[in-house]
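Trainee: Task: produce atomic coordinates for the following.
(one chain, ligands or ions: 1)
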Amino acid sequence: MAIREKNFWLSTVEMPTSDSAQPLPEAVDVAVIGAGFTGLSAARTLAKRGAKVAVLEAHTIGWGASSRNGGMVLTGMKLGVNKLISMYGRELTQRMYAASLQSIDCVEQIVRDENIRCDFSRCGHLEVACKQKHFDDYARQVEVIAREFNHQLRIVPKSELASEIGSYLYYGGMVDEISAGVNPAKYVAGLAWAADQAKAEIFENARVNEITRESRQGEAGWSLKTAKGNVWARNVFVGTSGYTGPATPALQKKIIPIGSYIITTAVLPETLAHELSPRNRMIYDSKNYIYYYRLTPDRRMLFGGRAAFFPETKDSIRKSAEILRLGMIEVYPQLRDTKVEYVWGGTLDFAFDIMPHAVQMDGIYYAVGYAGHGVAMATYQGQKMAEMIAGDNTDNPFVGIPFPGAPLGMYNGKPWFLPFAGAWYKFLDWVS
Ligand SMILES: Cc1cc2nc3c(=O)[nH]c(=O)nc-3n(C[C@H](O)[C@H](O)[C@H](O)COP(=O)(O)OP(=O)(O)OC[C@H]3O[C@@H](n4cnc5c(N)ncnc54)[C@H](O)[C@@H]3O)c2cc1C
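Mentor: Here you go, the predicted model:
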């Protein structure tokens, strides 16, 4: 059987779809751009509070990274804790770390309240060390995280690693029991149903092409030109992540779109699946050119990585299938003869400081920059920004932190430097 260039998760769910004949309303309280975790979480929260909300999606519900990811609902942020403390100081880093833990509770709460059947499970995550010095650094991180954030992680020495992973490749690991796993396509579909239940209106094939300031009946607001017509909104919230485009030029210059790719194997025999991941963890390694992997709820190995740095194209997806298969066999030689059945790609959003950002720029609200930690954080930021738009005095430690653009302004939204960045990361993995 050939590999399907197709997203496995989408084969497990019927995605909801909006009524294509429904015209855009003339005016709304909030126009939300993007129907992924960020936008739908915000729309749900706002609509539950009585706001008139239109979600404008260029493609279809969940079309972006939200249906394409590994489904790892992770604690922490992309940057290590020592780096965070050096950038923001102790107090703000403590609030950020606490927010990253709350973001997982936030997903769990929504799943429970909305009765979303998305295989959410608190199975914990395992980070594995590709070098001895990475493993040595785990001990320092565990100590800082326990002391500064009152959160316990567990070190797993190489001699005990077989209880966590059926691979001999690594120098040890670090476990966080709080992280969870989810089927992301089922989750984003459930969020869309929940937003719809709350009376938010979702419009597919409604790409926003232009946003301009415009008053209506004496009230300040925004006119949005979309592929489906125009709509006026009192407030605009943007959750376009790695697919941010020219409709929001100021944001586009601050976000680097980076490709990530995933393969899934055929369904594995129970004993083999148990041998590969005895505790069913969400697993990722310590490299910059990262591999992340897990079992799917139906017992396939899902194996992802930045096989190419470029956002997905048919060509990069095809090439990634073989690169990732070889990576998977390096980790798990047991899978040498196992068929790969699916391959797909998606685009991540990185800010230049690799941090999440929740901001109001020139009057428009944004939440972006999840850097591969977006399942929980995007849901959380959508909710928090909705509370902010609704006028609450909500605590969000990511609001107001500096949001740097490219050094010397050498970036117009087209990531010409990605081939160099890819090579740079490979070099870093070699030397560090
Ligand atoms: C392959 C892959 C694996 C990943 N694995 C993980 C993981 O295991 N754990 C984790 O935490 N994170 C992971 N991530 C990251 C995570 O998926 C994202 O951070 C998260 O989905 C972002 O959600 P979002 O709603 O902000 O953006 P998206 O889901 O990308 O949605 C943005 C939407 O905006 C729409 N849009 C863009 N421009 C416009 C416009 N002008 N008008 C209207 N609509 C527009 C797009 O069509 C898109 O649907 C992964 C990402 C990828 C690509």
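Trainee: if you go through the stretch 251-400 of the chain in chain order, where are the helices?
Mentor: Along the stretch 251-400 of the chain, counting by DSSP state H, counting those that start in this stretch, helices occupy 270-276, 314-331, 374-389.
Trainee: How about the longest one, which residues are buried there?
Mentor: Which is helix 314-331. Buried residues in helix 314-331, defined by neighbour count with 16 or more other CB atoms under 10 Å: Ser316, Ile317, Ser320, Ala321, Ile323, Leu324, Arg325, Gly327, Met328, Val331. C-beta here means a position set from N, CA and C on the backbone, and glycine is covered the same way.
Trainee: so the first one touches Gly345, yeah?
Mentor: Yes. Distance between Ser316 and Gly345: 6.3 Å, which falls inside the contact criterion (CB atoms under 8 Å).
Trainee: residues shared between the contacts of the two?
Mentor: Common neighbours of Ser316 and Gly345 (criterion: CB atoms under 8 Å, 6 or more residues apart in numbering): Gly259, Tyr261.
Trainee: Now do the residue of the stretch 101-250 of the chain found nearest the ligand against Gly304, distance only.
Mentor: The nearest approach of the stretch 101-250 of the chain to the ligand comes at Ser241, 3.1 Å away (CB to the nearest ligand atom). As judged by CB to CB, to the nearest Å, Ser241 and Gly304 stand 17 Å apart.
Trainee: now swap in Tyr187 and tell me
Mentor: Distance from Tyr187 to Gly304, by CB to CB: 17 Å.
Trainee: between those two, who's got more neighbours?
Mentor: Tyr187 (31 against 28; other CB atoms under 10 Å).
Trainee: give me every residue that touches the more buried one.
Mentor: Phe37, Ser66, Gly71, Val107, Val111, Ile116, Cys118, Phe120, Val375.
Trainee: any weak-confidence spans in the stretch 251-400 of the chain?
Mentor: Residue ranges of the stretch 251-400 of the chain with pLDDT under 70: 307-312.
Trainee: That should have said the stretch 1-150 of the chain, apologies.
Mentor: Judged by pLDDT under 70, the stretches of the stretch 1-150 of the chain that qualify are 1-2.
Trainee: So which residues on the stretch 301-432 of the chain come close to the ligand?
Mentor: Within reach of the ligand by CB under 6 Å from any ligand atom, the stretch 301-432 of the chain has these residues: Gly304, Gly346, Thr347, Leu348, Tyr370, Gly372, His373, Gly374, Val375, Ala378.
Trainee: Next, the contact list for the first one, please.
Mentor: Pointing back at Gly304 there. With CB under 8 Å, 6+ apart, Gly304 has these contacts: Gly70, Ser260, Tyr261, Ile262, Ile263, Tyr291, Tyr292, Tyr293, Leu324.
Trainee: What's the separation between the closest residue to it other than its chain neighbours and the ligand?
Mentor: Nearest residue to Gly304 in three dimensions, chain neighbours excluded: Ile262, at 3.9 Å (CB to CB, 6 or more residues apart in numbering). Between Ile262 and the ligand the computed distance is 5 Å (CB to the nearest ligand atom, to the nearest Å).
Trainee: just His274 next, same as before
Mentor: As judged by CB to the nearest ligand atom, His274 and the ligand stand 22 Å apart.
Trainee: Compute the number of surrounding residues for that residue.
Mentor: His274 sits with 15 neighbouring residues when counted by other CB under 10 Å.
Trainee: In contact with the residue in the chain positioned nearest to the ligand, which residues?
Mentor: As assessed by CB to the nearest ligand atom, the ligand sits closest to Gly374 within the chain, at 1.8 Å. If you count contacts by CB under 8 Å, 6+ apart, Gly374 has them with Phe37, Thr38, Ala65, Ser66, Asn69, Ser241, Leu348, Asp349.
Trainee: please redo it, this time with the cut-off set to 10 Å
Mentor: 36-38, 65-66, 69, 74, 103, 184, 241-242, 348-349, 356, 367-368, 380-381 (CB atoms under 10 Å, 6 or more residues apart in numbering).
Trainee: got it, and Val55?
Mentor: Contact partners of Val55, counting by CB under 10 Å, 6+ apart, are 18, 28, 30-36, 39-40, 42-44, 46-47, 61, 192, 195-196, 200-204, 206, 237, 239.
Trainee: moving C-terminal of the longest helix along the chain, what's the next helix or strand?
Mentor: The residue-count maximum for a helix in the chain (DSSP state H) belongs to helix 81-113. Counting by DSSP states H and E, the next helix or strand C-terminal to helix 81-113 is strand 125-128.
Trainee: That following strand pairs with which strands?
Mentor: strand 172-176 (antiparallel), strand 282-285 (parallel) (DSSP bridges).
Trainee: Name the nearest residue to Pro356, sequence neighbours excluded.
Mentor: In space, and not counting its chain neighbours, Pro356 is closest to Gly369: 4.7 Å by CB to CB, 6+ apart.
Trainee: re the thing from before, relative to Val142, which of the contacts of Tyr187 is nearest.
Mentor: Val375 (23.4 Å; CB to CB).
Trainee: Pull the number of nearby residues for the closest one.
Mentor: 29.
Trainee: And Gly405, by the same measure?
Mentor: 14.
Trainee: Can you list phi and psi of it for me?
Mentor: With angles defined as degrees, to the nearest 10, Gly405 sits at phi -100, psi -160.
Trainee: any idea how far it is from Ile262?
Mentor: Gly405 is 30 Å from Ile262, by CB to CB.
Trainee: just Lys52 next, same as before
Mentor: 37 Å.
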